[in-house]
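> quick one: sequence and predicted model below, then my questions.
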Amino acid sequence: MNIHFIAIGGSAMHNLALALAHRGYTITGSDDVIFEPSKSRLHEKGLLPEAFGWFPEKLNAGLDAVILGMHAKPDNPELLKAQELGLKIYSYPEFLYEQSKNKTRVVIGGSHGKTTITSMILHVLNYHDKEVDYMVGAQLDGFERMVQLTDENDFMVLEGDEYLSSPIDKRPKFHIYQPNIALLSGIAWDHINVFPTFEHYVEQFRIFVDSIVNGGSITYNQEDVEVVKVVEASENTIRKFPYTTPEYQLEGGTTLLETPEGPMPLAVFGAHNLNNLAGAKWICQQMGVDEEDFYEAIATFKGASKRLEKLAETSKGVIYKDFAHAPSKVAATTKAVREQYPDHRLVACLELHTYSSFNPEFLKEYRGALDAADEAVIFYLPESVAIKKLEAVAPEQIRDAFNRKDLKIFTHAAAFHSYILERVYDQTALLLMSSGNYGGLDLEGVKRLLE
């Protein structure tokens with residue numbers, strides 16, 4: 001097949017392009033900007049566009065399909081040419097469904113935890129040499145790509161994102177997959193630029209549960225009130241499997257999971273990760289992995305990329321980086337580090353970076369999210385607010401929203417960097433949370449702080 005990617009540089013898009021090239025397809029693509037690591041990975045496989053920009057002349061009647069990325073606009077010149085030629089245009093979730101419609105589709109949905117749960121499942125399957133097709137939102141140890149597609153594998157494991165599919169397909173991605181086996185980890189309002197009310201957001205999860213094929217199953221977090229409401233209200237003819245956080249204890253800085261064979265040490269920590277683990281176990285069992293084999297494999301799981309990633313640890317302290325940015329994720333991650341390092345001074349830094357986080361109404365969702373920290377810090381750039389064409393957010397609004405009078409707020413990258421890089425670290429746990437890059441913070445320099 002000959003396939004052209006419009007906006008090939010995206011995280012999911014470039015991984016799909018790599019997967020299809022590996023499968024033997026002829027791949028071309030365009031983008032107006034491509035960042036690392038996508039740029040190097042595409043270049044290595046000969047898929048990096050020769051020049052950045054949009055080139056309608058790349059589109060021709062000989063293409064079997066065009067895959068449209070969310071980064072493109074509805075008036076993209078290449079998209080208009082593809083429409084003019086009558087070419088088959090897919091969003092990447094549509095294409096993944098087409099590739100997996102004859103397989104058993106396993107879809108992991110939820111406002112938080114879906115990347116980690118999907119990663120846990122894939123880690124366990126890989127540990128036991130069980131081959132599956134997959135799409136996951138993080139780079140995993142032992143996996144060359146974040147997407148794999150084959151003709152022969154029976155299962156397709158998909159991280160089910162609730163964000164929109166493409167500029168011309170406004171359906172949430174996870175509405176497209178029609179799972180045979182599904183999981184719902186949690187519901188906490190997000191993406192308010194698309195779902196302006198909590199009710200509108202929750203409705204997407206109702207549609208997801210109702211999209212599970214007849215006779216399929218939903219594994220769901222019984223500790224999340226909204227999840228329970230959505231699942232129990234569904235009249236879809238599916239099996240329903242609730243899960244809860246398993247018993248565990250902390251001993252000498254190690255998390256010990258209670259199992260039928262006794263306490264088992266884990267490489268990950270935090271109640272939210274133990275909850276994720278419980279969901280992953282249920283899914284793996286439905287895919288043919290028994291409980292004992294699951295425990296053996298999960299003991300070696302070190303976490304998904306960008307999720308509680310340890311940058312450094314010495315006698316001076318420990319430094320973690322995490323992708324957390326939504327309120328529920330920030331609260332769970334901060335509590336996890338607090339529990340893991342009870343004798344350390346916890347300095348939790350959050351970069352406000354997303355559209356939602358700059359909305360005055362949504363800001364209130366962060367109330368108490370940093371309460372577990374001894375020192376709470378917010379960093380944001382006013383110019384980021386302006387770029388998103390939102391009203392300016394004042395530091396006092398943020399302080400009130402978090403309900404923390406001692407909240408430190410930085411609005412200049414240099415000042416925030418100095419605060420991080422010039423402080424004294426003594427029995428300190430530093431937690432950096434963001435879906436951005438902290439204003440260009442030198443993470444290698446951060447690692448050296450504990451030397």
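Sure, I can see it.
> show me the strands in the stretch 1-150 of the chain, by range?
2-6, 26-30, 65-68, 89-91, 104-109, 133-135, 147-148 (DSSP state E, counting those that start in this stretch).
> so which elements touch the third one?
Other elements packing on strand 65-68 under the criterion 3 or more CB pairs under 8 Å, 6 or more residues apart in numbering; DSSP states H and E are strand 2-6, helix 77-85, strand 89-91, helix 92-100. Glycine gets a C-beta too; all of them are placed from N, C-alpha and C.
> where along the stretch 151-300 of the chain do the strands fall?
155-160, 164-166, 169-172, 181-184, 217-221, 239-243, 248-251, 254-259, 262-266.
> with mean pLDDT added, can I get those strands in JSON lines?
Converted to JSON lines, the strands of the stretch 151-300 of the chain look like this (pLDDT from 0 to 100):
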{"stretch": "strand 155-160", "mean pLDDT": "98"}
{"stretch": "strand 164-166", "mean pLDDT": "95"}
{"stretch": "strand 169-172", "mean pLDDT": "94"}
{"stretch": "strand 181-184", "mean pLDDT": "98"}
{"stretch": "strand 217-221", "mean pLDDT": "98"}
{"stretch": "strand 239-243", "mean pLDDT": "98"}
{"stretch": "strand 248-251", "mean pLDDT": "92"}
{"stretch": "strand 254-259", "mean pLDDT": "94"}
{"stretch": "strand 262-266", "mean pLDDT": "95"}
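> would you mind finding the most buried of those strands?
Among these, ranked by average contacts under mean count of other CB atoms under 10 Å, first place goes to strand 181-184 (a mean of 27).
> returning to that earlier point: distance to residue 209 added to the strands of the stretch 1-150 of the chain, as a markdown table?
Listed next are the strands of the stretch 1-150 of the chain as a markdown table, based on distance: least, CB to CB, whole Å:
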| stretch | distance to residue 209 |
| --- | --- |
| strand 2-6 | 31 |
| strand 26-30 | 35 |
| strand 65-68 | 27 |
| strand 89-91 | 21 |
| strand 104-109 | 9 |
| strand 133-135 | 20 |
| strand 147-148 | 25 |
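> residue 307 is nearest to which of those?
strand 104-109 (14.0 Å; CB to CB).
> show the pLDDT at residue 247.
Per-residue pLDDT puts residue 247 at 97.
> next up, the contacts around it.
Under the criterion of CB atoms under 8 Å, 6 or more residues apart in numbering, the neighbours of residue 247 are 257, 258.
> if we go to 10 Å?
The contact partners of residue 247, by CB atoms under 10 Å, 6 or more residues apart in numbering, come to 256, 257, 258, 259, 263, 274.
> what two of those are the furthest from one another?
Farthest-apart pair in these is 263 and 274; separation 12.8 Å (CB to CB).
> anything in contact with each of these two?
Taking CB under 10 Å, 6+ apart as the contact rule, residue 263 and residue 274 both touch 247, 248, 255, 257.
> dump these into a markdown table; add distance to residue 216 as well.
Output for the shared contacts of residue 263 and residue 274, formatted as a markdown table (distance: CB to CB, whole Å):
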| residue | distance to residue 216 |
| --- | --- |
| 247 | 29 |
| 248 | 30 |
| 255 | 32 |
| 257 | 28 |
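> the spatially closest residue to residue 119 that is not a sequence neighbour: neighbour count?
Using CB to CB, 6 or more residues apart in numbering and skipping residues adjacent in sequence, the residue nearest residue 119 is residue 304, 3.9 Å away. Counted with other CB atoms under 10 Å, the neighbours of residue 304 add up to 26.
> try residue 151
So residue 151, with other CB under 10 Å, has 9 neighbours.
> please apply the same query to the one 3 residues further on.
Taking other CB under 10 Å as the neighbour definition, residue 154 ends up with a count of 14.
> now do it against residue 125, distance only.
Distance, residue 154 to residue 125, by CB to CB, to the nearest Å: 12 Å.
> identify the contacts common to the two.
Shared contacts of residue 154 and residue 125, counting by CB under 10 Å, 6+ apart, come down to 131, 132, 287, 288.
> ChimeraX command for the buried members of those residues?
The following ChimeraX line selects those of the shared contacts of residue 154 and residue 125 that are buried, judged by 16 or more other CB atoms under 10 Å:
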select :132,287
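> okay if I get the shared contacts of residue 154 and residue 125 as CSV plus pLDDT and distance to residue 323?
CSV is the format used below for those (pLDDT from 0 to 100; distance: CB to CB, whole Å):
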residue, pLDDT, distance to residue 323
131, 96, 28
132, 97, 24
287, 97, 26
288, 97, 30
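> can you tell me which of the shared contacts of residue 154 and residue 125 is nearest residue 418?
residue 132 (47.1 Å).
> wait, isn't that closest one in contact with residue 122?
Yes. Using CB atoms under 10 Å, residue 132 is in contact with residue 122, at 7.5 Å.
> intersection of neighbour lists for those two?
The contact sets of residue 132 and residue 122 overlap at 148, 157 (CB under 10 Å, 6+ apart).
> thinking residue 225 is in contact with residue 231, fair?
No. Contact criterion CB under 10 Å: residue 225 and residue 231 do not qualify, at 11.2 Å.
> these two: which is more packed in?
Applying other CB under 10 Å to residue 225 and residue 231 shows that residue 231 carries more neighbours, namely 24 against 11.
> that one contacts residue 206, correct?
Yes. Contact criterion CB under 10 Å: residue 231 and residue 206 qualify, at 9.4 Å.
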